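Trainee: quick one, fold the following:
(one chain, ligands or ions: 1)
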Amino acid sequence: MFLKFLRNLNPESSHHISILSLKYLSRFLETTYKDEILNTNFGNLTFDNPIGIAAGYDKNAEVVDSLFKMGFGFVECGTVTPVAQYGNPKPRIFRLKEDRGIVNRLGFNNCGINQFLKNFNQRNTHLGVTGVNIGPNKDSINFIDDYLKVYNSIYEYADYVTLNVSSPNTKNLRDLQRTEDLSILTYEINSLRESKEIRKKIVLKIDPDSTEKDYSKIINIVQKNKIDGLIVTNTSISRPEFLKSYHRNQSGGLSGAPIKEQSNKVLKFISKETQGELMLIGVGGIERAQDVYEKIKIGASLVQIYSALTYNNLRFINEMNQKLSTFLRNDGFSNVKEAVGIEIK
Ligand SMILES: Cc1cc2nc3c(=O)[nH]c(=O)nc-3n(C[C@H](O)[C@H](O)[C@H](O)COP(=O)(O)O)c2cc1C
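Mentor: Below you'll find the model as predicted:
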């Protein structure tokens, strides 16, 4: 009933209400389905299960504890920028109901790193791995300095940090994925990390719209500059012919079911090229446990979900984890790690 009400509101109001509800429902939420077969790790970071919530849902780190209680194995907050910004004019989120997708052009609306840190540090740090996705302010004169500034503020508290160079909604941001700028960004951020006593994992989040040649160059650069992994992928600027929904031609990033094949193609390519040398987090179009399993088998050690939350209830992540355990057992695995990349070896 409540979910039906949310789905009939405009998408941004419904998102605000879902955040508010999770804030106040936190103590009533029960933790959740657990099964050792799903336990995994990323270096010294350990996860109850490999299914995380993707960046963009909890941009300001307001409901981290509730998301763990919903069953997520890890939470990625952000994207957070150095100073607060409003983002693009509304309306800026559109449901593609018939296609089970979303188009958004939010443009990094967030409360800025200072308020973010206050919220972030109120979470219960024992519930699980929490990453922070960082990006530059729209009006910044030097994007790379913005990443360094936010990294400096957050590295002591975040379990890992994601460099978001792939949102299509900040003008020129995706240029940072191209060689020269990406070399500078990853070199600088790694040098900053090495200058600290606490050394956090850093991953890069990439788009699904580049060429194989581009991805090969990205792999080279991140390996050279010791970036630990890739999140594959962000939203897409493509608009597949099969889209039926009224809002299909809104500008922004497409997510959900319509980008699954495209994201998986990129994941598979990168996975084949890197053969386990880079940690890969698969995201894009996951709706069911089968989709999670598919990404794991083509090389994702962890996965993330966003759009499907809009179309499901609170029990959905637990149910997905339960089904994933069954698939793994039926295929004779004793732990999810054994299934990673099984189809590309
Ligand atoms: C409304 C909305 C806001 C998003 N905001 C961000 C963001 O701030 N930073 C980011 O890296 N990705 C953001 N994303 C992209 C998601 O993290 C994810 O990469 C993408 O939606 C594909 O996953 P999905 O098909 O499960 O939604 C956003 C996605 C949506 C739908």
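Trainee: spell out which parts of the chain neighbour the ligand.
Mentor: Within the chain, the positions adjacent to the ligand are 54-56, 59, 79, 93, 102, 104, 106, 133, 164, 167, 205, 234-235, 255-256, 259, 283-286, 305-308 by C-beta under 6 Å from any ligand atom. Yep, even glycine has a C-beta here, placed from its N, CA and C like the rest.
Trainee: what subset of these is buried?
Mentor: 54-56, 59, 79, 93, 102, 104, 106, 133, 164, 167, 205, 234-235, 255-256, 259, 283-286, 305-308 (16 or more other C-beta atoms under 10 Å).
Trainee: at the geometric centre of this structure, which residue sits there?
Mentor: Ala54 (3.0 Å; C-alpha atoms, centre = their mean).
Trainee: counting neighbours, what do you get for the closest residue to Val232 other than its chain neighbours?
Mentor: If the residues on either side of it in the chain are set aside, Val232 comes closest to Leu267, at 4.7 Å by C-beta to C-beta, 6 or more residues apart in numbering. By the measure other C-beta atoms under 10 Å, the count of residues near Leu267 is 26.
Trainee: mind checking how far Glu180 is from the ligand?
Mentor: Between Glu180 and the ligand the distance is 22 Å, computed by C-beta to the nearest ligand atom, to the nearest Å.
Trainee: quick one: pLDDT of that residue?
Mentor: Predicted confidence (pLDDT) at Glu180: the value is 93.
Trainee: for the residue of the chain found nearest the ligand, which non-adjacent residue is closest in space?
Mentor: Closest to the ligand within the chain is Gly56: 2.1 Å, counting by C-beta to the nearest ligand atom. The shortest distance from Gly56 to any non-neighbouring residue, by C-beta to C-beta, 6+ apart, is to Tyr306 (5.9 Å).
Trainee: okay but that neighbour is in contact with Ile51, surely?
Mentor: No - when contacts are counted by C-beta atoms under 8 Å, Tyr306 is not listed as touching Ile51 (11.8 Å).
Trainee: tell me the SS of Lys205?
Mentor: For Lys205, the assignment made with DSSP: H, G, I helix; E, B strand; the rest coil gives strand.
Trainee: same check on the one 4 residues further on?
Mentor: For Asp209, the secondary-structure state derived from three-state DSSP is coil.
Trainee: pretty sure it is touching Thr235, no?
Mentor: No - in this structure Asp209 lies outside contact range of Thr235 using C-beta under 8 Å: 9.3 Å.
Trainee: which residues in the stretch 151-300 of the chain form strands?
Mentor: 160-164, 201-206, 229-232, 253-256, 279-283 (DSSP state E, counting those that start in this stretch).
Trainee: those into a markdown table, with extra columns for mean pLDDT?
Mentor: Shown next, in a markdown table, are those (pLDDT from 0 to 100):
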| stretch | mean pLDDT |
| --- | --- |
| strand 160-164 | 98 |
| strand 201-206 | 98 |
| strand 229-232 | 98 |
| strand 253-256 | 98 |
| strand 279-283 | 98 |
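Trainee: adding distance to Leu20, write the ones you listed out as a markdown table.
Mentor: A markdown table is the format used below for the strands of the stretch 151-300 of the chain (distance: least, C-beta to C-beta, whole Å):
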| stretch | distance to Leu20 |
| --- | --- |
| strand 160-164 | 25 |
| strand 201-206 | 27 |
| strand 229-232 | 27 |
| strand 253-256 | 23 |
| strand 279-283 | 25 |
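Trainee: who wins for proximity to Ser21 among those strands?
Mentor: In terms of C-beta to C-beta, the element of those nearest to Ser21 is strand 253-256, at 21.6 Å.
Trainee: helices or strands next to the closest one in the packing?
Mentor: strand 101-104, helix 307-310 (3 or more C-beta pairs under 8 Å, 6 or more residues apart in numbering; DSSP states H and E).
Trainee: now the first one - C-alpha only, PDB.
Mentor: Right, the one you point to is strand 101-104. Extracted C-alpha coordinates of strand 101-104, given in PDB (Å, rounded to 0.1, in the frame of the first residue of the first chain):
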ATOM      1  CA  GLY A 101      14.400   1.700 -16.000                       C
ATOM      2  CA  ILE A 102      15.100   5.300 -14.800                       C
ATOM      3  CA  VAL A 103      16.600   8.400 -16.500                       C
ATOM      4  CA  ASN A 104      18.200  10.900 -14.100                       C
END
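Trainee: give me the residues contacting that strand.
Mentor: Residues from elsewhere that reach strand 101-104, judged by C-beta atoms under 8 Å, 6 or more residues apart in numbering: 11, 56, 92-96, 169, 235, 243, 245, 247-248, 250-259, 307, 310.
Trainee: in PyMOL, how would I select the buried members of those?
Mentor: Listed next is the PyMOL selection for buried residues among the contacts of strand 101-104, using 16+ other C-beta under 10 Å:
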select buried, resi 11+56+92+93+94+95+96+169+235+243+245+247+248+250+252+253+254+255+256+257+258+259+307+310
